[in-house]
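Chemist: the following comprises the amino acid sequence and a computationally predicted model.
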Amino acid sequence: MTQIRPRRSVLYMPGANERALEKAKNLPADALVLDLEDAVAPDAKEAARERVCAALGNYGTREVAIRVNGLDTEWHDADLRAAASAGPAAVVVPKVNSASEVHNIERALELGGAPEKTKIWAMLETPVAILNAAEIAAASSRLTVLVMGTNDLAKELHAAFVPGRAPLLTALSTAVLAARATGKVILDGVYNDVKDTAGFEAECRQGCAFGFDGKTLIHPSQLEPCNRIFAPSPAEVDHARRVIAAFDEARAAGRGVVTVDGRMIENLHVEEAQRVLALAEAVGA
Ligand SMILES: CC(C)(COP(=O)(O)OP(=O)(O)OC[C@H]1O[C@@H](n2cnc3c(N)ncnc32)[C@H](O)[C@@H]1OP(=O)(O)O)[C@@H](O)C(=O)NCCC(=O)NCCSC(=O)C[C@H](O)C(=O)O
Ligand SMILES: [Mg+2]
């Protein structure tokens, strides 16, 4: 069975917030992003950089990434150098707009001596990034994950935040296409209203239905619903097992197609069922 690394829940925490960095040690996030960008005030950037690099080893086996400041900022180069030498699981780079920017980041990581395990996670959060999503995704084998930046994207588009995210659907779908066409993981953007549980769950379900592998989060209260919704449900696991069993039986009888619960099942449905089981196993569902 294919091994899947779950990335259902990816929690940002401000790199300058000692309490959040401490608290995250015991939070059930699949991955953590220690943020040096938007969540850190300009005069706290340097202290935050030192703090997140020192904190990297505190989170056990979970993937821990550092989000550096954007390419056009005064902090970007120093952030990348520090991250390269600290060696997180990934460097999350905001506002990546082209393949050539990915190549520059790749070169900077190499020059900084980053270990092979340090991947690039590129944020898609501008109109030009969405238009270039496929070339960004394909630019490097070191780039393994695309991350939606829906706040910046909505701002750049002059789009409204509305339930159902109609103004963003083209961009979300284009980004998922780019990820799937290039074999990359893709994470949905954050939900800002940390008190709106129903709205958050609806957005998780929408992201999951779109094909996102998981969602980026801003508050510990978002972890449980996100982990639950992005994991296969017991009914989905049961269905996947029955699909595989029915198809095996059909194959043994010399047939290439069968029905389960009245629906046609072909080999492609079996592959999807295998992916569901691999994800369920990876998350212990
Ligand atoms: C959103 C928050 C500012 C809310 O903060 P606050 O009101 O203080 O939360 P609580 O009092 O409810 O916190 C309860 C405890 O949980 C800890 N906590 C809070 N958030 C986190 C977190 N993200 N990670 C770990 N721990 C967290 C608090 O310390 C409390 O602990 P304790 O005192 O021990 O009980 C705040 O949640 C926050 O700052 N969230 C992260 C914001 C962030 O990182 N933003 C940047 C990433 S999102 C982004 O950039 C969007 C993207 O680029 C785009 O364009 O869309
Ligand atoms: Mg952003």
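Modeler: Thanks, I have the structure now. Just so it is clear, the model here is predicted, and its values are computed rather than measured. Ligands and ions are numbered 1, 2, ... in the order given.
Chemist: quick one, what contacts the residue nearest to the spatial centre of the chain?
Modeler: The centre of the chain sits closest to residue 187, judged by Cα atoms, centre = their mean, with a distance of 2.9 Å. Residue 187 makes contact with 7, 10, 145, 146, 147, 148, 212, 213, 214, 215, 216, according to Cβ atoms under 8 Å, 6 or more residues apart in numbering. Every C-beta, even on glycine, is put in place using the N, C-alpha and C of the backbone.
Chemist: wait, doesn't the second one sit right on residue 29?
Modeler: In other words, residue 10. Yes. With contact defined as Cβ atoms under 8 Å, residue 10 counts as touching residue 29 (6.7 Å).
Chemist: which residues do the two both contact?
Modeler: Listed contacts common to residue 10 and residue 29 are residue 217; contacts here mean Cβ under 8 Å, 6+ apart.
Chemist: setting aside sequence neighbours, what's the nearest residue to residue 64?
Modeler: Nearest-residue entry for residue 64: residue 32, 4.9 Å, with adjacent residues in sequence omitted and distances by Cβ to Cβ, 6 or more residues apart in numbering.
Chemist: rewinding a little: of the contacts of residue 187, which belong to strands?
Modeler: 10, 145, 146, 147, 148, 214, 215, 216 (DSSP state E).
Chemist: mind listing what the second one touches?
Modeler: The contact partners of residue 145, by Cβ under 8 Å, 6+ apart, come to 7, 90, 119, 121, 122, 184, 185, 186, 187.
Chemist: do the same with the first one
Modeler: Applying Cβ under 8 Å, 6+ apart, one finds that residue 10 lies in contact with 29, 30, 31, 32, 33, 147, 187, 214, 215, 216, 217.
Chemist: now it: how far from ligand 2?
Modeler: 14 Å (Cβ to the ion, to the nearest Å).
Chemist: could you do the second one as well?
Modeler: Shown here: residue 145 relative to ligand 2, a distance of 15 Å by Cβ to the ion.
Chemist: coming back round to it: show the buried residues in the contacts of residue 145.
Modeler: Applying 16 or more other Cβ atoms under 10 Å to these, the neighbour count classes 7, 90, 119, 121, 122, 184, 185, 186, 187 as buried.
Chemist: of these, closest to residue 277?
Modeler: Closest approach between the buried ones among the contacts of residue 145 and residue 277, by Cβ to Cβ: residue 7, at 17.6 Å.
Chemist: show me how the protein divides into domains.
Modeler: 9-229, 234-284 (automatic domain parsing).
Chemist: which of the contacts of residue 10 sits closest to residue 107?
Modeler: Within the contacts of residue 10, proximity to residue 107 (Cβ to Cβ) peaks at residue 147, which comes in at 20.9 Å.
Chemist: just give the number of residues close to that closest one.
Modeler: 28 (other Cβ atoms under 10 Å).
Chemist: my read: it touches residue 91, true?
Modeler: No. Using Cβ under 8 Å, residue 147 is not in contact with residue 91, being 11.5 Å away.
Chemist: who touches both of the two?
Modeler: Common neighbours of residue 147 and residue 91, counting by Cβ under 8 Å, 6+ apart, are residue 121.
Chemist: distance between stretch 33-40 and the chain's centre?
Modeler: How far stretch 33-40 lies from its chain's middle: 16 Å, per Cα atoms, centre = their mean, to the nearest Å.
Chemist: shouldn't residue 130 be in contact with residue 173?
Modeler: No. Between residue 130 and residue 173 there is no contact under Cβ under 8 Å: 9.8 Å.
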